[in-house]
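Peer 1: give the three-dimensional model of this entry:
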Amino acid sequence: MGNESSKASNLNAPLLSLQSDICNNNMDRSSPTSALEWPEDVAKRVKLIVPPEYDPYQDPENPSYCYIRFDREKKKFMVASDVDATTTQTILDIVDPEDIINIKVEIELLTGAPTSRGQEEHIVRNDGEEGELHRATNEPPVDTPSDTYGCAILSIFAYPKRNLSEESILNSCGMKRKPEPFREISEGTTPEETVKPQLLGHRHKHHRYFRVAPSEDMTDLSTLVQAMRRIISPVDCTSLDERRLLIIINPVSGKKTAVDVYEKTVAPMLEEASVSYDFFITSYARHAEERMRQQPTNGELRDISDYSGIVSIGGDGVVHEILQGIHRRPDAKEILKNLKIGMVGAGTSNGLSATLAHASDEKFSPMDSAFMIAKGKTSAIDLSLYETTNKSYLSFLTFSWAYIADIDIESEAIRFMGFLRFDLWGALRVVTLRKYRAKFSYLPPTEDRSTGVTLPPLNQPLPTDEGWVCCEDDFVVFWASQVTHAGEQMHHSPPSKIDDGVFNIFIVRGNVSRFRLALIALTMAHGGQVDMPYVEFIQCTAYRLEPITMGSFNDLDGEVVEPGPIQAAVIPGAMQAFCNP
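Peer 2: Numbers count the residues shown, from 1 in each chain. Modelled structure (predicted):
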């Protein structure tokens, strides 16, 4: 049996009440431009105490204040110093809304009188985690101090891309650079205009916490948070808070790091984003497929129709199982329409995760993938329906036959070597070159790719009046793709798009030499084979492959399926995936 547990965002009562007020106030979302409307006067009235990291030399008894601006032209939040007639405004920080997964107002409970700063004792720390309850007397222990007061903390949960242009040997040794001095605002310009072009890397955690100056009226703070949340996401914040995900974890995928990735990266980020979720740990092959097909009646498990999304932590095989389980359900079409899918790669290949990252201009890592899921933005992706003699399959990745399939399936014997197994077996298959003869038929795309193609049964001939192209030849490579990456280190199909409505079939015919095949194999990792001799990329919306030379595998999404003739058709925009192309 799998292990399924429920986890909701850990909010205390005062915070929950305030967040509810923030989200339930009337907000105009009818116009796309409404998200960029900014309550300038309200934002200036919300006084925030300048955090020590911005000004470590300020007097705690006489703190400096700042407020949050929004630059409509640059589409950035700016933390600006509060000014009067005797001071010049400076920009203390710049935060890109695209890097923010959530904004919360949290309540920090402090002991002692508000004016006695030296005697403050934190119950909830500034980072939102539970802290120890410090007691300075010998009074009997109680759950709540006798004299407490609350302070509102504006928390901005951000994961910006690391600026590799500023990396240095000091960073690698754990030593940070000296912060840049405050920058003055010039008339008609912003500090961003002086920033040099950046080389961006993986995302990293860089949250901001601002203590809000005491106020009896929280209306302005509520209005400010509403406006900020509208900008960071086009989705109604109430809908964001109602997200519920089912996380499928394969603990033995790849290097067996999936549980660790879940506990240290995915779960904390989803909690910061106020996303509720259940998690399910698989125990055996096809366990994820069984979970998708189950329609629980005992109340212990939720049906997958109760979730807004499914997230896989593991390899592409887990996603394959998820889709086959959905495919076998009577309500499969409705499930695909309403359910979003995400993947955090923790397997050997991780093709879908790498493809979604590439389409979103993100780096590949568990944190980058988890960020896209927590952010909540989605885009349509194509799926495809494959049919063999006796079965049908829902596919999301690739189909390979001949050279690539032989490598993928036969190298299972050295699976313990990780991704290196593909390189070693690929070299072996170049030396012991195999050629396979087949009849290949495909339907070229038309201008309208929004509707799928209906294929006749596999044992019936293809229509003669619809433009099908047929050939019979010897093949060395046959690799049909709907993704750019078959793995995190395999950018094999640069022409592919996640929603282009076509297969891109990478073909090398039987007249290639071993030397040329070796050159092609060496360049596939970065897509360098596209313009090489003997390499073809054929676009089509449907195809049929009828092997004449038997012996190779039918390899669908990295899984062996029924051998023999096979046909497929694209299902355009069949599902939503967590990404931001």
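
Peer 1: give me the element the closest residue to K375 other than its chain neighbours is part of.
Peer 2: Of all residues not flanking K375 in the chain, I101 sits nearest, at 5.5 Å (CB to CB, 6 or more residues apart in numbering). (Glycine included, C-beta is placed from N, CA and C.) Here I101 is covered by strand 100-111, with elements defined by DSSP states H and E.

Peer 1: likewise for V318?
Peer 2: helix 316-327.

Peer 1: can you name the element that comes right after that helix?
Peer 2: helix 332-338.

Peer 1: so which bits of that next one are buried?
Peer 2: 335-336 (16 or more other CB atoms under 10 Å).

Peer 1: who are the packing partners of it?
Peer 2: Contacts defined by 3 or more CB pairs under 8 Å, 6 or more residues apart in numbering; DSSP states H and E place helix 332-338 against helix 316-327.

Peer 1: ok, residues contacting the helix it packs on?
Peer 2: 248, 250, 253, 282, 286-293, 304, 310, 312, 332, 335-336, 339, 341, 343, 347, 349-352, 383, 392-397, 556-559 (CB atoms under 8 Å, 6 or more residues apart in numbering).

Peer 1: report the buried members of these.
Peer 2: If we count by 16+ other CB under 10 Å, the contacts of helix 316-327 have these buried: 248, 250, 253, 282, 287-289, 291-292, 304, 310, 312, 335-336, 339, 341, 343, 347, 349-352, 383, 393-397, 556-559.

Peer 1: so how far is stretch 46-66 from its chain's centroid?
Peer 2: 35 Å (CA atoms, centre = their mean, to the nearest Å).

Peer 1: try stretch 266-276
Peer 2: 13 Å.

Peer 1: i'd like the first residue to be 47 from this point on
Peer 2: Fine by me, first position is 47 from now on; the one you just mentioned is stretch 312-322.

Peer 1: just the CA atoms of that stretch, as CSV, please.
Peer 2: Output in CSV follows, covering the C-alpha atoms of stretch 312-322 (Å, rounded to 0.1, in the frame of the first residue of the first chain):
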residue,chain,number,x,y,z
VAL,A,312,8.8,21.0,-2.6
ALA,A,313,6.8,20.9,0.7
PRO,A,314,8.3,24.1,2.2
MET,A,315,7.8,26.1,-1.0
LEU,A,316,4.1,24.9,-1.3
GLU,A,317,3.5,25.9,2.3
GLU,A,318,5.0,29.3,1.6
ALA,A,319,2.6,29.6,-1.4
SER,A,320,-0.4,28.6,0.7
VAL,A,321,-1.0,25.5,-1.4
SER,A,322,-2.7,22.6,0.2
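
Peer 1: tell me which residues of that stretch are tucked away?
Peer 2: 312-313, 315-322.

Peer 1: do the same with stretch 617-627
Peer 2: For stretch 617-627, by 16+ other CB under 10 Å, it's 617-626.

Peer 1: okay, and which of those map to helices?
Peer 2: Among these, none falls in helices (DSSP state H).

Peer 1: rewinding a little: what's the next secondary structure element after the strand holding I147?
Peer 2: strand 194-204.

Peer 1: tilt between that following strand and strand 146-157?
Peer 2: 160 degrees (axes from the mean of the first three to the mean of the last three CA atoms, to 10 degrees).

Peer 1: so in that sheet, which strands flank strand 194-204, and in what orientation?
Peer 2: The strands beside strand 194-204 in its sheet (DSSP bridges) come out as strand 146-157 (antiparallel), strand 254-258 (antiparallel).

Peer 1: D454: which of the ones you listed is closest?
Peer 2: strand 146-157 (35.5 Å; CB to CB).

Peer 1: roughly how far is the closest one from the heart of the chain?
Peer 2: Using CA atoms, centre = their mean, the offset of strand 146-157 from its chain centre is 25 Å.

Peer 1: just the CA atoms of that strand, as CSV, please.
Peer 2: The C-alpha trace of strand 146-157 is given here as CSV (Å, rounded to 0.1, in the frame of the first residue of the first chain):
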residue,chain,number,x,y,z
ILE,A,146,7.3,36.0,-6.0
ILE,A,147,5.2,33.0,-5.1
ASN,A,148,3.1,34.6,-2.3
ILE,A,149,2.7,37.6,-0.1
LYS,A,150,1.4,37.2,3.4
VAL,A,151,0.7,39.3,6.5
GLU,A,152,1.8,37.3,9.5
ILE,A,153,1.4,38.1,13.1
GLU,A,154,4.5,38.2,15.4
LEU,A,155,3.6,38.0,19.1
LEU,A,156,6.0,39.8,21.4
THR,A,157,6.1,39.9,25.2
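
Peer 1: flag every buried residue along that strand.
Peer 2: Those would be 146-157, for strand 146-157 by 16+ other CB under 10 Å.

Peer 1: what ranges of the stretch 297-446 of the chain fall below the confidence cut-off?
Peer 2: 343-345 (pLDDT under 70).

Peer 1: what ranges does it have for its helices?
Peer 2: 304-307, 313-318, 333-339, 362-373, 378-384, 397-405, 412-421 (DSSP state H, counting those that start in this stretch).

Peer 1: show me the contacts for the nearest residue to F203 once chain neighbours are set aside.
Peer 2: Once flanking residues are discounted, F203 sits nearest to E318: 4.4 Å by CB to CB, 6+ apart. By CB under 8 Å, 6+ apart, the contact list for E318 reads 147-148, 203, 253, 420.

Peer 1: and the furthest pair within those?
Peer 2: Longest span within those, CB to CB: H253 and A420, 12.9 Å.

Peer 1: more neighbours: these two, which one.
Peer 2: A420 (24 against 16; other CB atoms under 10 Å).

Peer 1: please, which helix or strand holds A564?
Peer 2: Using DSSP H and E, A564 falls in helix 560-569.

Peer 1: partners of the helix or strand following that helix in the sheet?
Peer 2: Sequence order places strand 581-586 as the next helix or strand after helix 560-569, per DSSP H and E. Strand 581-586 sits in its sheet next to strand 549-555 (antiparallel), going by DSSP bridges.

Peer 1: C-alpha coordinates for the partner strand, PDB please?
Peer 2: This file holds the C-alpha atoms of strand 549-555, laid out as PDB (Å, rounded to 0.1, in the frame of the first residue of the first chain):
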ATOM      1  CA  PHE A 549       5.300  15.300 -33.900                       C
ATOM      2  CA  ASN A 550       8.900  16.100 -34.800                       C
ATOM      3  CA  ILE A 551      10.300  12.800 -36.000                       C
ATOM      4  CA  PHE A 552      14.100  12.600 -36.000                       C
ATOM      5  CA  ILE A 553      15.200  10.000 -38.600                       C
ATOM      6  CA  VAL A 554      18.500   8.600 -39.700                       C
ATOM      7  CA  ARG A 555      18.200   6.100 -42.600                       C
END
